[in-house]
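1. sequence and computational prediction follow.
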Amino acid sequence: GIKTLGLRMRQHEASTRKLVQWLQSRSDIENIFYPGLDQHPGHHIASRQARGYGGMFSFDVGSGERAERVLSRTRYFILAESLGAVESLISVPARMTHASIPPERRRELGITDGLIRISVGVEDVADLQEDLEQALR
């Protein structure tokens, strides 16, 4: 409810920042999309318009096959096409939300087959990182 919205949003963002920083340290991640990153194209606009950067991000694992393996191995993330909730959600836009867009147009938009989208919930961030770590192995 609205009474806990502020607490939940702080938790979403804090956990998201930690996961994004951890993913940045990995050599097997091709790209990370999060407006909280200085190099993100929308960073300056997001900085002017909001107090934070939210709890959603995407990252590219290089191929559709690897993205599918990651999705099949996660335990804490729920496979869902949603903007999020208190549970952490995971999806592959190329095969889910954007599947009806022709592949060449998806590539033009940066929606690769290896792109994974995450909406971070309020679970313990160490558990979420451990889950992604084992899924990425």
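-> Now that the structure is in, tell me what you want to look at.

2. for Asp135, which non-adjacent residue is closest in space?
-> One correction, residue 135 is Ala, not Asp. Arg73 (3.9 Å; C-beta to C-beta, 6 or more residues apart in numbering). The way it works is simple: take the backbone N, C-alpha and C, and place the C-beta from them, glycine included.

3. for that neighbour, phi and psi?
-> Main-chain torsions, Arg73, degrees, to the nearest 10: phi -100, psi -10.

4. what is the burial count for Val92?
-> A total of 24 residues lie near Val92 under the criterion other C-beta atoms under 10 Å.

5. dump stretch 13-28 to PDB, keeping only the CA atoms.
-> The C-alpha trace of stretch 13-28 is given here as PDB (Å, rounded to 0.1, in the frame of the first residue of the first chain):
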ATOM      1  CA  GLU A  13      16.700   1.200  -5.900                       C
ATOM      2  CA  ALA A  14      19.400   0.200  -3.300                       C
ATOM      3  CA  SER A  15      19.300  -3.400  -4.400                       C
ATOM      4  CA  THR A  16      19.200  -2.500  -8.000                       C
ATOM      5  CA  ARG A  17      22.300  -0.300  -7.600                       C
ATOM      6  CA  LYS A  18      24.200  -3.200  -5.900                       C
ATOM      7  CA  LEU A  19      23.200  -5.700  -8.600                       C
ATOM      8  CA  VAL A  20      24.200  -3.300 -11.400                       C
ATOM      9  CA  GLN A  21      27.600  -2.600  -9.800                       C
ATOM     10  CA  TRP A  22      28.200  -6.300  -9.400                       C
ATOM     11  CA  LEU A  23      27.200  -7.000 -13.100                       C
ATOM     12  CA  GLN A  24      29.600  -4.200 -14.200                       C
ATOM     13  CA  SER A  25      32.500  -6.100 -12.600                       C
ATOM     14  CA  ARG A  26      31.800  -9.200 -14.700                       C
ATOM     15  CA  SER A  27      33.500  -9.800 -18.100                       C
ATOM     16  CA  ASP A  28      30.800 -12.000 -19.400                       C
END
